[in-house]
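Visitor: Predicted structure and sequence below. I'll ask about it afterward.
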Amino acid sequence: MLAYRIPRHGQAKDHRPSREKRRITIGENIGPQLPLELYHHIIGFIAHEEIRTLRSLALVSRSLQPEAESHLYHTLRFSNRKLPDALLRALISSSRRASYVRRIWIRVSVCNSLLLRDALQHLFNLISLSLEGYRPIDKILLSSCHFPRLEAFEWVGLDDESVYMKFFEAHPQLLDVHVEWPGATVVTPNILPNVRTVSGSWNSLRMLLPGRKITKVKADAGEGVVRRPTEKGPFPSVHTFFCVGSIPIPKVLELFPHVEVLKLQTICITADIVPQLCQAQFLTDLTLGGQLGKRVYQIDRIDLAERLFDSCARLKSVGIRDPVEGAFLFTRFRMEVPISFEEFWEPYE
């Protein structure tokens, strides 16, 4: 049998804490309050790749949610089919989250084209846009998009020249462009007047280099430099040249006589490069990646570097990289010019 104790009149007590006690208890549970700027600074030490950590921080409190989401959505990468549509819908439904996105890399084959187009229209603060792959339906992706702050653009696999032209005309502020130009139409200088870095196939370089003050060039294949005429060169404004494919050094100096940073990824390194580089009067940093020739093994590598330093008055550093693993096999710096290892090498992007 259950017995109930009925309090007498006047004996009932309110066991809830008083208002002052509740205020003190709540204050003790919250802990010290910090400015949001300091939270933003602390969260900034968490890498953008730490998605789980940033998600957990976004669920701590409403005040921390915007700070955590600004890092969580800063850089997005759509490379597989794990919930890409759900993330696109989240960007469409929340203008705040869409405003956090600065860089995005998308493999278009894993996304719904209509949904992706609607999501891209909300990314007004986007700085870097990279797309990979192309389907006929993907022509609509950028048809109604405008990114006022966009600086870098890349679309690997696009073979429609008209899509490039419309996008370039709508975004004259672009600084970095990576394209695989499919046609033979030269892009006039009034289109992309501010671009400073061009990368892609050699056919793309031939269409974009003339008439512009390009400072950095990244070529995917060097063989096209030898096969195609160079009547539109030289290009004295280019100071940095990267090349993955094989290309003769004299041809590089013919096209880019004022080159300062030269990085050739695939080249047979022999002792003959010393007289070839004598013409590079402005060369400061040299990186060669490729197989070492027999003549290099027969001589001292330090002696090879010293000969390069004697031949090129402005040369500060010489490096030889493994073409497969990317690790340095040999590095040498001019002693009177101190330079850090991080300043010497920027990974090829």
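Guide: On my side now, so go ahead.
Visitor: count of neighbours near residue 266?
Guide: 16 (other C-beta atoms under 10 Å). Any C-beta I mention is one placed from the backbone N, CA and C, and that applies to glycine too.
Visitor: That one against residue 245, yeah?
Guide: Yes: if you go by C-beta atoms under 8 Å, residue 266 and residue 245 touch, sitting 6.0 Å apart.
Visitor: could you give me the average pLDDT of stretch 139-159?
Guide: Stretch 139-159 carries an average pLDDT of 89.
Visitor: send the alpha carbons of that stretch over as CSV?
Guide: The C-alpha trace of stretch 139-159 is given here as CSV (Å, rounded to 0.1, in the frame of the first residue of the first chain):
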residue,chain,number,x,y,z
LYS,A,139,27.0,24.4,-68.7
ILE,A,140,24.4,25.9,-66.4
LEU,A,141,26.6,26.0,-63.3
LEU,A,142,28.1,29.4,-63.8
SER,A,143,25.4,30.9,-66.1
SER,A,144,23.8,33.0,-63.4
CYS,A,145,26.5,33.2,-60.8
HIS,A,146,28.5,36.3,-60.0
PHE,A,147,31.3,36.4,-57.4
PRO,A,148,32.4,40.0,-56.7
ARG,A,149,35.4,39.0,-54.6
LEU,A,150,36.6,36.0,-56.6
GLU,A,151,40.4,36.0,-57.2
ALA,A,152,41.3,32.4,-58.3
PHE,A,153,39.4,30.3,-60.8
GLU,A,154,40.0,26.7,-62.1
TRP,A,155,38.0,24.3,-64.1
VAL,A,156,39.8,21.1,-65.1
GLY,A,157,38.1,19.2,-67.9
LEU,A,158,35.9,21.9,-69.4
ASP,A,159,36.0,21.8,-73.2
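Visitor: Measure how far that stretch is from the centre of its chain, please.
Guide: Centre-to-centre, stretch 139-159 and its host chain are 15 Å apart (C-alpha atoms, centre = their mean, to the nearest Å).
Visitor: List phi and psi for the closest residue to residue 106 other than its chain neighbours.
Guide: Closest residue to residue 106 apart from its sequence neighbours, by C-beta to C-beta, 6 or more residues apart in numbering: residue 78 at 4.5 Å. Main-chain dihedrals, residue 78, degrees, to the nearest 10: phi -110, psi 90.
Visitor: try residue 94
Guide: Dihedral pair for residue 94: phi -130, psi 110, per degrees, to the nearest 10.
Visitor: what's the neighbour count on it?
Guide: Neighbour count for residue 94, taken as other C-beta under 10 Å: 14.
Visitor: For it, which residues are in contact?
Guide: By C-beta atoms under 8 Å, 6 or more residues apart in numbering, the contact list for residue 94 is empty.
Visitor: ok now stretch 204-223, how far from the chain's centre?
Guide: 18 Å.
Visitor: Give me the pLDDT value at the residue nearest to residue 106.
Guide: 83.
Visitor: I figured it hits residue 107, correct?
Guide: Yes: taking contacts as C-beta under 8 Å, residue 78 lies within contact range of residue 107: 5.9 Å.
Visitor: Tell me which of these two has more neighbours.
Guide: Each of residue 78 and residue 107 has its neighbours counted (other C-beta under 10 Å); residue 78 has more, 22 against 18.
Visitor: give me the number of residues near residue 169?
Guide: Counted with other C-beta under 10 Å, residues neighbouring residue 169 total 12.
Visitor: Kindly report the same for residue 146.
Guide: 12.
Visitor: Correct me if wrong: it contacts residue 167.
Guide: No: Residue 146 is beyond contact range of residue 167, at 9.7 Å (criterion: C-beta under 8 Å).
Visitor: contacting residues for residue 148?
Guide: 124, 173 are the contacts of residue 148 under C-beta under 8 Å, 6+ apart.
Visitor: ok, it to residue 113 distance?
Guide: 23 Å (C-beta to C-beta, to the nearest Å).
Visitor: next one: residue 62
Guide: Distance from residue 62 to residue 113, by C-beta to C-beta: 35 Å.
Visitor: same thing with residue 236?
Guide: 43 Å.
Visitor: do residue 54 as well
Guide: Residue 54 is 28 Å from residue 113, by C-beta to C-beta.
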